[in-house]
Structures are given as C-alpha cells and as structure tokens.
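> Quick one, fold the following:
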Amino acid sequence: VTPPLGLRGYVFPVAGGASYGDSYGGPRADVRSGWHHGDDLFAPLGTPVVAVADGTLRLVGWERLGGWRLWLRDARGNQFYYAHLAAYSTRALRDRRVETGEVIGFLGRTGDAFTTPPHLHFEIHPRTLLRLRYDGAVDPTSYLASWPVVRPRHVPPPALPRRFPKGRPRIEAAVVWRQLLAARRPGVAHVARRTLAHRSTPRVAFPLPFPLGQPFAPIFGSLSAETALPPGRLSHGQRAPTLLWALLALPAAVLAAAAAPALIRLVRRRQTTPEPVEDAAG
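Numbering: from 1, shown residues only. Alright, predicted model coming up:
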C-alpha cells in the first residue's frame, strides 16, 4: 500500500543520493512487530541528511534501537522517521521548523546499527494510516525512487543534544561522533567541538590519567580519551593529565621543602669562603 501523501516537492532524504534496496517487510528480531518498517539507505558516514519536506521535527534524541533519531511531520500530517544518525545539525536542535532540502542530521550507525555499515533507516507513515500507530508505515521504495536528489549549498556543523545515552550506548555514540569528525574537514570539526563546548552532558564517572585506547585497546579499539567521552565534556576528560601532574608534583614539593635548609646553609658558606687566587704562572 503506497497512498499519495497529498503534497508535491518531496526530495530524497540523503544528500547526493544513497544505495538502497526494497528491504521493507524483512524479518527483524529486535523489533517488537518482527519486521522491517522502512528502507536502509547506505552512504559514507557523515553524509548530510536532509528534510524531505517543509515541516516540524519532533522526538529529536536517543532511542534504544534507532540511536540518534528524529521524526519529521509535514504540513499534511504525514510523518517520516530518520534513525541511526551520527549527529544532528545545529538548526535541528535549536529550531524545530525546517524547510525542504535543509540539512537536519548526518548519516551514521548508532543504536542497533553500530555493528553494520553506515546507513540511514528511513520510514514513511502516511496521515491516512496513523491510526495503525507504528505499524502504519508503508514501503518507502517507490516514493524514494521518484524523489529528486538534492545537494545542499550549506552544510552546518554537527551537534548533539544535551541528553546523552548511558552505559555502552554512550561509548558507541562517542565512537561514531569521533568518526564523523574525522570524516569532515578539520576546520569544520574544530567548529563542531567549539559549538558543543557549552552543552551540558553527563560527565565520566572518574577521570582517566591516560588515553583510553592504550590500556583498553583490546576492548575499545584505538580510541583516545576525547573519543571515549561524550562531546560537550571533552574539556573535562582532558583534565586527567592535570590530575596526574598534580599527583607527581606533590612528592617533589615535599622533597624540595626538606632540602631547602641545607641548600641555604651551603649558599651562605660559599658566600663567606674567599675565592681561590689564580696562580700567576698559569
């Protein structure tokens, strides 16, 4: 069933296009209904994801299966689901009203897609079938095939919400975030870090005086302390070397205080001792 959506001007949700097939209806053990409610659109991690229509964003944040996800509702009430994002656009987090073709996020592999190639899970829920709740999703393949691909002129820096997932998803989301920054131009990555510096996200439970990737490489792979901590709190993770230097400096300060009197006596003795006279014979 592919009912008309009642509007014109829809665009493909992945900027520049993506590889996809008709995977709608396929078996999915981790979904409550047991079947795939959309199509998976494969593209490089960090590819911009755009709004398919003018509309309003809702439920922008983390979900157990979808990872960083969001819903877009158009003017007719049709709803579109984007899942497994690496991050959002700053506009998507600040203003919920978006325009057709506007960048709202970046393709990733968060949620239950962490072990898969990067892709966007995309669903279409027509207004006429919303009474069926989540199972009102229709096969998006024919819609996607008819929607033009856009290439946005402006790609904003990536950003993440204030609330960050807990436990292992927290580490996985941080790994994908680091991969996103690595995939972008260095200047854009620098702007993204600076943009997130003011955001309030949970701190790490304890400071680490060493890069996480060194002692725990067999578990987490080649990660830095910046990768392992959620963005927005990278500065707190970088306090670990300061703590290590403080611990090392304390014994040195105690030894210096103990040796100070002896050094003072030695200096005074040298000052009262006459300088040796140089032999005239050379």
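> Identify the single longest strand in this protein, thanks.
In terms of residue count, the longest strand belonging to the chain (DSSP state E) is strand 79-89.
> tell me which strands and helices the helix or strand following that one is in contact with?
Going down the chain from strand 79-89, the next helix or strand is helix 90-94, by DSSP states H and E. Under the contact definition 3 or more C-beta pairs under 8 Å, 6 or more residues apart in numbering; DSSP states H and E, helix 90-94 sits against strand 55-63, strand 103-107, strand 158-159. Bear in mind the C-beta positions are built from the backbone N, C-alpha and C, glycine included.
> Including mean pLDDT, distance to H119 and mean neighbour count, could those strands go into CSV?
Converted to CSV, the helices and strands packed on helix 90-94 look like this (pLDDT from 0 to 100; distance: least, C-beta to C-beta, whole Å; neighbours: other C-beta atoms under 10 Å):
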stretch, mean pLDDT, distance to H119, mean neighbour count
strand 55-63, 96, 16, 17
strand 103-107, 97, 7, 26
strand 158-159, 96, 17, 24
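> Show me the one of the ones you listed that comes nearest P165.
strand 55-63 (4.7 Å; C-beta to C-beta).
> Distance from the closest one to the middle of the chain?
16 Å (C-alpha atoms, centre = their mean, to the nearest Å).
> what's in contact with it?
If you take C-beta atoms under 8 Å, 6 or more residues apart in numbering as the criterion, strand 55-63 is touched by 68-75, 83, 88, 92-93, 96-98, 104, 110-111, 161, 163-165, 169, 173.
> From those residues, list just the buried residues.
Among the contacts of strand 55-63, those classed as buried by 16 or more other C-beta atoms under 10 Å are 68-74, 83, 88, 92-93, 98, 104, 110-111, 161, 164-165, 169, 173.
> The residues you listed in strands, which ones?
Using DSSP E, those in strands are W68, R69, L70, W71, L72, R73, D74, A83, Y88, V98, I104.
> which of these sit farthest apart?
W68 and D74, at 21.2 Å, using C-beta to C-beta across these.
> Can you list the low-confidence ranges for the protein?
185-246, 267-282 (pLDDT under 70).
> what about the helices in it?
90-94, 141-146, 168-183, 186-196, 217-220, 225-228, 234-237, 240-272 (DSSP state H).
> which of the residues in the second one are buried?
Right, helix 141-146. In helix 141-146, counting by 16+ other C-beta under 10 Å, buried: T141, Y143, L144.
> okay, that helix in PDB with CA atoms only?
This file holds the C-alpha atoms of helix 141-146, laid out as PDB (Å, rounded to 0.1, in the frame of the first residue of the first chain):
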ATOM      1  CA  THR A 141      10.900   2.300  -2.000                       C
ATOM      2  CA  SER A 142       8.600   3.700  -4.700                       C
ATOM      3  CA  TYR A 143       8.500   7.100  -3.100                       C
ATOM      4  CA  LEU A 144      12.300   7.200  -2.800                       C
ATOM      5  CA  ALA A 145      12.700   6.300  -6.500                       C
ATOM      6  CA  SER A 146      10.500   9.200  -7.600                       C
END
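> Show me the contact partners of it.
In contact with helix 141-146 (C-beta under 8 Å, 6+ apart) are residues 2, 5, 10, 12-13, 20-22, 24, 39, 41, 122, 124.
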